[in-house]
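>>> Pasting the sequence and the predicted coordinates here, then a few questions.
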Amino acid sequence: MPIDKSHFILFVRDQAASAAFYRQVLRAEPTLDVPGMTAFELGPRCVLGLMPESGISRILSGAVDPTEAGHQPRSELYLEVPDPSAWQARAAGAGGRALGPPADRDWGHLVAYCRDLDGHLLAFAKPLDAPRVPPR
């Protein structure tokens, strides 16, 4: 059964601050920005959503509380991009935290990690056989 579109939702403390962060990192405007959800198209059938922590708790009648995780990452958003270093630097400049320099990984990618404003883990990657971007 094919999937028509994928939505990846991050629960955030401050929707407006997180939307501003992702506007800068993705260099894109949201396709939806209403109280309770900001959404960015990552590709033709892939969406990144930002939902306030209180929103999912309300939707599920308190069955989940994202604040209990203590803002420790429990997943990562892995984005293949042409220049992982530049993306990591942009994320750090927007208020994220770089987690070391980009490094070649044994699965065949150069990967630069950072955390967003809520501690979500972001990985900016490109295949090692892709052309290297010259240093600036």
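All right, it came through fine. Small disclaimer: the values here were computed from a predicted structure and weren't measured. Numbers count the residues shown, from 1 in each chain.
>>> I'd like to know how far residue 50 sits from residue 40.
Residue 50 sits 8 Å away from residue 40, going by Cβ to Cβ, to the nearest Å. From N, CA and C alone the C-beta is placed, and that goes for glycine too.
>>> Also residue 109?
Applying Cβ to Cβ, the value for residue 109 to residue 40 is 22 Å.
>>> what residue ranges in this structure score low on pLDDT?
71, 130-136 (pLDDT under 70).
>>> can you list the domain ranges for it.
1-61, 71-136 (automatic domain parsing).
>>> Any chance of a markdown table for the ones you listed, columns mean neighbour count?
Below are the domains of the chain laid out as a markdown table (neighbours: other Cβ atoms under 10 Å):
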| stretch | mean neighbour count |
| --- | --- |
| domain 1-61 | 15 |
| domain 71-136 | 15 |
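>>> mind listing the strands for the chain?
Secondary structure of the chain by DSSP state E: the strands cover 6-12, 32-34, 37-43, 46-52, 76-80, 97-98, 103-104, 109-115, 121-127.
>>> Give me the contacts around the last one.
In this case it means strand 121-127. 25, 73, 75-84, 87-88, 91, 96, 99, 102, 105, 108-116 (Cβ atoms under 8 Å, 6 or more residues apart in numbering).
>>> cool, the first one as well?
Around strand 6-12, the neighbours that count as contacts under Cβ under 8 Å, 6+ apart are 18, 39, 42, 45-53, 55-56, 66, 77, 116-118, 120.
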